[in-house]
Every structure is written in C-alpha cells, then in structure tokens.
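Chemist: Model the following, please.
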Amino acid sequence: MIELPPSEVLDVGRRAFLRIGTPADIADRVVGDLVANEVVGVRSHGILRLTDYLQDAAAGLLDVAARPAVTAPGGAVRVVDGQGGFGVLAADAVTANLCELLTVHPVCAVALTNAGHLGRLSAIGTAVARHGGAVLGFVNYLGAGQRVVPWQGEDGRLCTNPLLISVPAEPDPFVLDMSTSTVSEGRIRQHWLDGTTVPGGWLVDAAGAEVTDPDRLYSDPPTAFMTPLGGDHGYKGFALGVAVELLAGVISGAGYVRADTDRRGNGGLFIGISPALAVRAGDEVLREVGAVRSHLEASSPAVHWPGSGRTSGTDTIRLSQRRWRTLLAHADGKDPL
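Modeler: Numbering: from 1, shown residues only. Predicted coordinates:
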C-alpha cells in the first residue's frame, strides 16, 4: 500500500477521464466526489469506483459526456433521466429538483431513471434537509447486480437496494443512508481489492453456509452471495429490499430485477416532505428533532446521531501500488496493467 495526497489522486483521475472524452466540468465533479468520499473514510464509494467507471465507459455502458434531462409530468412531480451518464450528476439533479419543488409543494416526488452509479445517497438527504425538507429515498440497480440472496433463497436475486431517510436538524441533519443487505457491495469489493477476507455473516453459499472469501462473490458464476440485512432475522432486510425494488424500479418505471434483464445503473424514487405538510414551522421542527436527539444521546456518550461524525479524517489516500499503476496507465493513455 502507498499513501498519496488527495490533490495527486484528483489530478490523475481527472486526466484519465479527460483522455476518454469527459468534459472538464464533469470530470472535476466526478473525481472530486470520489476523493471526498475517500477522505472521510467511505472507501466503498471512493477511488475504487474510479476504475469501475473507466471500465464501464470502455465497455460502452457509461456515457461520459451525458448530462441529465428533467421532465415535469405533474405539478409536484419531476423525472430525472440520467441519460446513461455519471450518477453523481443525476444525484445533483434530484437534489436540485427536490429543493425547488419543496418551496411550493408540501409533498413532492422525483423519479430517477437511466443513471449511472449514484454513490452516497446521504449527499442528497443532507442537502435537502439543510434546505428545510425531509426525504424518503429508494434506489435499485435496474435489474443488474443481483448479488443479494433472498431470505432462504439459494442464489442472488436482488441488488443491495439502499434507502435514504433524512430530516432537518441542527447542527447535523438526521441522515440514514443504508443498504438493505448486511453491508454495501463496495465494502466487500474493498476487501476483494485489498486481498483480505470478509467478516462472517456478509456472504453465504447456496446452502446458506458462511463464506469469508470475497473472490467467490465475483467468480463467474458466483459461488457466494450477499446476505440481507438482519442476520438471523434476515427476512426483515429481505422484505425491505423487495420494498425498495418495487418503489425504485416499478413505481418509478426505471426497471426491475428479472431473469432476462440486460440493463444496469440506478433507478429510484425520492419523496420530499415539507414541515408545511402538517402546518409546522421550520424552527418548531428543528427544536423538537433536537429534543429527540438530546434524549437519545443522554443514554451514553457512545450514542451516535445518524448523519453526524463524518469529518475530514485523513490527509492521504491509501491505495495498493497495483491500483495506482492502473490509474496512472489510464491517465497516460497506456494499457492498464
């Protein structure tokens, strides 16, 4: 492993995207988001995704120059079409439209279709909460990435299907951004890239036995599958995963899991809620949410308010030498090692 300054990783990532035709402003936004995630310790949505995006672009699965398109089928409803481009741009469009709609509607909805990998949903929730609104968000993978085994199933049938809930609060909004699988796929991917085993309970085989070798998740065909959230009560996580699939994939019209799917990327449904829905003043909501937080945190100094605690935790980014050489090769127009 080597340690690199974020500025150097930013430069190399930007050059790699520019070389394949990415507009400069898009390259800056995408790489900046990945580096920011890495710096705060969310490696599952950090630089490991940079290589994924480059590979998707080379395979024709990602349009590096596409920008989202927005339509308005109803007064309080918008549809964001990612146009097959970078997910972070689609997430920005979802955020902007939720904030705009909430200025005039107590409840609104934004559907998402045809977007690349969104990254951290918490960015959407935090921004809307700071704007004064609450969000319920549901995201699927358009039928691809079926690595999560159903409760008592024998193979992968769902994606990790994350959900988002955010509520305004001070100084930190309440933000829940979680997969309905035991862990996000990116956390397992990180172990796989680092050459380390995963903890028990993250993966199982077709018979339900624990698997700790992440190679088995990425073999062709896979011989291990991700578990639904809940451990011995995984039927709860499975039910949540199905609910997200239906809301993000079916209700939104984005696409859903099935045997013959050839689609990939993110679809979703985001519901914005203003305190005006219940004729509440914003400062009254903030005061009462603060009271809830104080009551919970009085239990123990170890209690963590969801959405707080993510601060700049590192001045360097740790990568394996092999991954760094691969990124340099992309940036310099050479064949990746």
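
Chemist: Show the pLDDT at Ser312.
Modeler: Taken from the predicted model, the pLDDT recorded for Ser312 is 51.

Chemist: Quick one: the helices in the stretch 201-337 of the chain, in order.
Modeler: Counting by DSSP state H, counting those that start in this stretch, the stretch 201-337 of the chain forms helices over residues 215-218, 234-245, 282-297, 321-331, given from the N-terminal end onward.

Chemist: what helices or strands is the last one leaning on?
Modeler: Spelled out, that is helix 321-331. Judged by 3 or more CB pairs under 8 Å, 6 or more residues apart in numbering; DSSP states H and E, helix 321-331 is in contact with strand 2-4, helix 6-19, helix 48-58. Every C-beta, even on glycine, is put in place using the N, C-alpha and C of the backbone.

Chemist: Arrange the helices of the stretch 201-337 of the chain in JSON lines, one row each, with mean pLDDT, mean neighbour count and distance to Val39 as further columns.
Modeler: Formatted as JSON lines, these follow (pLDDT from 0 to 100; neighbours: other CB atoms under 10 Å; distance: least, CB to CB, whole Å):
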{"stretch": "helix 215-218", "mean pLDDT": "97", "mean neighbour count": "16", "distance to Val39": "27"}
{"stretch": "helix 234-245", "mean pLDDT": "98", "mean neighbour count": "20", "distance to Val39": "28"}
{"stretch": "helix 282-297", "mean pLDDT": "95", "mean neighbour count": "13", "distance to Val39": "26"}
{"stretch": "helix 321-331", "mean pLDDT": "92", "mean neighbour count": "17", "distance to Val39": "17"}
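
Chemist: of these, which approaches Ala169 most closely?
Modeler: Using CB to CB as the criterion, the shortest distance between Ala169 and the helices of the stretch 201-337 of the chain is 4.3 Å, found for helix 282-297.

Chemist: export that closest one as PDB, just CAs?
Modeler: Provided in PDB are the C-alpha atoms of helix 282-297 (Å, rounded to 0.1, in the frame of the first residue of the first chain):
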ATOM      1  CA  GLY A 282     -39.400  25.000  10.400                       C
ATOM      2  CA  ASP A 283     -37.900  26.200  13.700                       C
ATOM      3  CA  GLU A 284     -40.500  24.200  15.600                       C
ATOM      4  CA  VAL A 285     -39.500  21.100  13.800                       C
ATOM      5  CA  LEU A 286     -35.800  21.800  14.500                       C
ATOM      6  CA  ARG A 287     -36.500  22.300  18.200                       C
ATOM      7  CA  GLU A 288     -38.400  19.000  18.500                       C
ATOM      8  CA  VAL A 289     -35.900  17.000  16.500                       C
ATOM      9  CA  GLY A 290     -33.200  18.500  18.700                       C
ATOM     10  CA  ALA A 291     -35.100  17.300  21.800                       C
ATOM     11  CA  VAL A 292     -35.300  13.800  20.400                       C
ATOM     12  CA  ARG A 293     -31.500  13.800  19.800                       C
ATOM     13  CA  SER A 294     -30.800  15.100  23.300                       C
ATOM     14  CA  HIS A 295     -33.000  12.400  24.800                       C
ATOM     15  CA  LEU A 296     -31.200   9.700  22.900                       C
ATOM     16  CA  GLU A 297     -27.700  10.900  23.400                       C
END
